[in-house]
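Visitor: just need the structure, nothing else, for what follows:
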Amino acid sequence: MKHSELVQIAAKWMRGKYLIVITEMASGAGEEADVIGFNGYNSTLIECKASIMDFNTDKYKSYRRYPESGMGSQRYYFTIGKLLHPQNLPEGWGLLELHGKRVYNIRNSVNFKKDYRKELSLLTSAIRRIGKTAPKGISVRCYPYKTKNRASIHIDI
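Guide: Okay, here's the model as predicted:
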């Protein structure tokens, strides 16, 4: 299975659990998450790995060596079934596996200290790009409601 297919499956899985889901978006945050979902202050990052070589390369990234500089309150690797063994994962990382068409949580993630500035940078970049229609890779659930407060947002396109 291709990496891009894993990303799409992981994003679909995340959309059932998170209000905002972003896939493979480069921003000033420095870390380009395959999939990241946000619910208020909670966030979950998913790194999709289609091969062992891709997984082994990942551990050399600075935000893997210094977990507090990364994004995601929870962090998971997502692979096809049995590609990775839970014992080979970095400390605290969870594991999601695809078996057929179902996603299984093999191991839960711990709660990580994260870089809130990177997450804010990513969210700001996503909002800036949305405009009138969300581009591919950004999924935002909107809830229109009436309130006495007036809020506005300016999107510079």
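
Visitor: not counting its neighbours along the chain, what's nearest A26?
Guide: Excluding its sequence neighbours, the residue lying closest to A26 (C-beta to C-beta, 6 or more residues apart in numbering) is E32, at 5.3 Å. C-beta: built from backbone N, CA, C; applies to glycine.

Visitor: so that neighbour, which of the three states?
Guide: Classification of E32 by DSSP: H, G, I helix; E, B strand; the rest coil places it in coil.

Visitor: and for V103?
Guide: Per three-state DSSP, V103 ends up strand.

Visitor: now do the SS call for the residue nearest to it when sequence neighbours are not counted.
Guide: Distances taken as C-beta to C-beta, 6+ apart place W13 nearest to V103, at 4.7 Å, with adjacent residues excluded. Classification of W13 using three-state DSSP returns helix.

Visitor: distance between the top helix by length along the chain and the chain's centre?
Guide: Criterion DSSP state H: the longest helix present in the chain is helix 116-130. For helix 116-130, the separation from the chain centroid amounts to 13 Å (computed by C-alpha atoms, centre = their mean, to the nearest Å).

Visitor: now stretch 103-122
Guide: On the basis of C-alpha atoms, centre = their mean, stretch 103-122 is displaced by 8 Å from the centre of the chain it belongs to.

Visitor: state the mean pLDDT of that stretch.
Guide: On average, the pLDDT along stretch 103-122 is 93.

Visitor: mind listing residues that contact that stretch?
Guide: Stretch 103-122 is contacted by residues 9-10, 13, 22, 25, 27-31, 33, 36, 38, 43-44, 63, 67-76, 78, 81, 86, 89, 92-98 when judged by C-beta atoms under 8 Å, 6 or more residues apart in numbering.
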